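Q: Give me the fold of what follows.
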Amino acid sequence: MIFNYSYRGLFILLHIICSSYNQAQHYVGISLDNDLYFGIDRYYSSGIFLKYGGKVSKNKESNSLNFKSRHWILGQEINTPSLRYTSDPKKIDFPYNGWLFIERFEETFRKPDFGYGWAVQLGTTGAKETFAKWMQNTYHINVLNLDPLTWSWAIPQAFHLNSRVNLKWGKEIEGPLKWVQEHQIQVGTYKTFLSTRAGIQLGSLPGLPFFGERLEALSDGSSLFLGTRIIYNINDYSLSTKFKSINLPIDIEANPLRQEFQVGILFFKKPWKGQFLFHSSSNYVTSQRYPRHPYLNLSIIRILP
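A: This is a model prediction of the structure:
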């Protein structure tokens, strides 16, 4: 009941903010990552993201599209070891971590299948400072009727600043079948990485609907996505205890290279958009007991007039 009132209040607040903007089109929504759908609770176990965005301009110049949009995300992520009730540091294979952040990003699309953007992200880690320990244990105790997690050996509190650029494009293969790609570079104190996401998109939705909240071309329909993401990790404060003031008898070291399989389906019926995206990731850290980790993303977006 507490969560229902909290989310209702956040959506009302976002709607008031949205109404103050004189834009022709904008959206509000929520996106949830969780592995509980598969009966597990470990590693990257939870993500909650409140989203708002809107169109800035749409001008046709020489048969090309100049479509700019601005977006905001308020998000929280939680990491959990596989043995989440232990306080023995020798059994910790993955650090507890909370990450609370706000992100602002802007994207420009010259064509529905070609765009680029940049983002700035500011946030903090810490079990208490991010409300991660409180939210996870409140949910476990009151909803799942389970014992509270120990939150032993968590990544310490620190403020972080990240910046990111991306490039997205798609190319029709035949009819509704399309090859799509997204390339990202992020530099920051929390995470620094290079990533490539690629796959095939099949369906009636135009543009690149699986790559962010697209406003360039809106039409009712559905699409499927099958692809992979490869991440070259340079620095990840949420995972590695190296160079940090954490008194563990073992070093938890982040893997430099990670790979994800992704399968998803997306529906759009004005003014609603819904997405289901399955992820299966390789090891985040070298000490993981389980070789792969699955989680599911559920997203609901409402287009506002």
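Q: make it CA atoms for all contacts and neighbour counts henceforth
A: Will do.
Q: for the closest residue in space to Gln181 that isn't next to it in sequence, helix, strand, or coil?
A: In space, and not counting its chain neighbours, Gln181 is closest to Ala198: 4.3 Å by C-alpha to C-alpha, 6 or more residues apart in numbering. Secondary structure, DSSP: H, G, I helix; E, B strand; the rest coil: Ala198 is strand.
Q: Pull the number of nearby residues for Ala198.
A: 20 (other C-alpha atoms under 10 Å).
Q: Can you pull out the low-pLDDT segments for this protein?
A: 1-24, 57-65, 241-250 (pLDDT under 70).
Q: can you map out the helices along it?
A: Using DSSP state H, the helices of the chain run over 2-19, 132-142.
Q: how far away is the closest residue to Tyr27 other than its chain neighbours from Leu218?
A: Closest residue to Tyr27 apart from its sequence neighbours, by C-alpha to C-alpha, 6+ apart: Ile303 at 4.4 Å. Distance from Ile303 to Leu218, counting by C-alpha to C-alpha, to the nearest Å: 10 Å.
Q: For those two, indicate the residue with more neighbours.
A: Comparing Ile303 with Leu218 by other C-alpha under 10 Å, the one with more neighbours is Ile303, at 19 against 16.
Q: you'd agree that one is up against Pro271?
A: Yes. The pair Ile303 and Pro271 passes the contact test of C-alpha atoms under 8 Å, sitting 4.9 Å apart.
Q: and the longest strand for the chain?
A: strand 43-61 (DSSP state E).
Q: Which strands or helices does it pack on?
A: strand 26-34, strand 64-80 (3 or more C-alpha pairs under 8 Å, 6 or more residues apart in numbering; DSSP states H and E).
Q: Export the ones you listed as a markdown table, with columns for distance to Gln288.
A: Listed next are the helices and strands packed on strand 43-61 as a markdown table, based on distance: least, C-alpha to C-alpha, whole Å:
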| stretch | distance to Gln288 |
| --- | --- |
| strand 26-34 | 18 |
| strand 64-80 | 11 |
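Q: Now distance to Gln181 and mean neighbour count too, for the ones you listed, in JSON lines please.
A: Below are the helices and strands packed on strand 43-61 laid out as JSON lines (distance: least, C-alpha to C-alpha, whole Å; neighbours: other C-alpha atoms under 10 Å):
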{"stretch": "strand 26-34", "distance to Gln181": "21", "mean neighbour count": "21"}
{"stretch": "strand 64-80", "distance to Gln181": "19", "mean neighbour count": "20"}
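Q: what's next to the longest strand of the chain, contact-wise?
A: 14, 18, 23-36, 65-82, 94, 215, 293, 295 (C-alpha atoms under 8 Å, 6 or more residues apart in numbering).
Q: Just checking: what are the partner strands of it?
A: strand 26-34 (antiparallel), strand 64-80 (antiparallel) (DSSP bridges).
Q: Pull out the buried positions in that strand.
A: Within strand 43-61, the residues that count as buried by 16 or more other C-alpha atoms under 10 Å are 43-56.
Q: Just give me the closest of those to Ala254.
A: Tyr43 (12.2 Å; C-alpha to C-alpha).
Q: what are the bridge partners for that closest one, then?
A: Going by DSSP bridges, Tyr43 forms beta bridges with Thr80.
Q: Then Leu122?
A: Beta-bridge partners, per DSSP bridges, of Leu122: Ile102, Leu161.
Q: quick one, what contacts it?
A: Phe101, Ile102, Glu103, Phe159, His160, Leu161, Asn162.
Q: ok, and the closest non-adjacent residue to Trp151?
A: In space, Trp151 is closest to Tyr96, 6.1 Å off (C-alpha to C-alpha, 6+ apart).
Q: right, and the one you found touches Ala154 too?
A: Yes. Contact criterion C-alpha under 8 Å: Tyr96 and Ala154 qualify, at 4.4 Å.
Q: Need the residues touching each of those two.
A: Common contacts of Tyr96 and Ala154 (C-alpha under 8 Å, 6+ apart): Ala127.
Q: Who has more neighbours out of those two?
A: Tyr96 (28 against 23).
Q: could you list every residue that touches that one?
A: So Tyr96 contacts Ile78, Asn79, Thr80, Pro81, Ala127, Trp151, Ser152, Trp153, Ala154, Ile155 (C-alpha under 8 Å, 6+ apart).
Q: Show the residue spans covered by the strands in the stretch 151-300 of the chain.
A: 159-174, 177-188, 191-203, 221-236, 257-269, 272-281, 293-304 (DSSP state E, counting those that start in this stretch).
Q: could you redo those as TSV and give each row distance to Gly123?
A: Formatted as TSV, these follow (distance: least, C-alpha to C-alpha, whole Å):
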stretch	distance to Gly123
strand 159-174	5
strand 177-188	11
strand 191-203	11
strand 221-236	14
strand 257-269	23
strand 272-281	24
strand 293-304	22
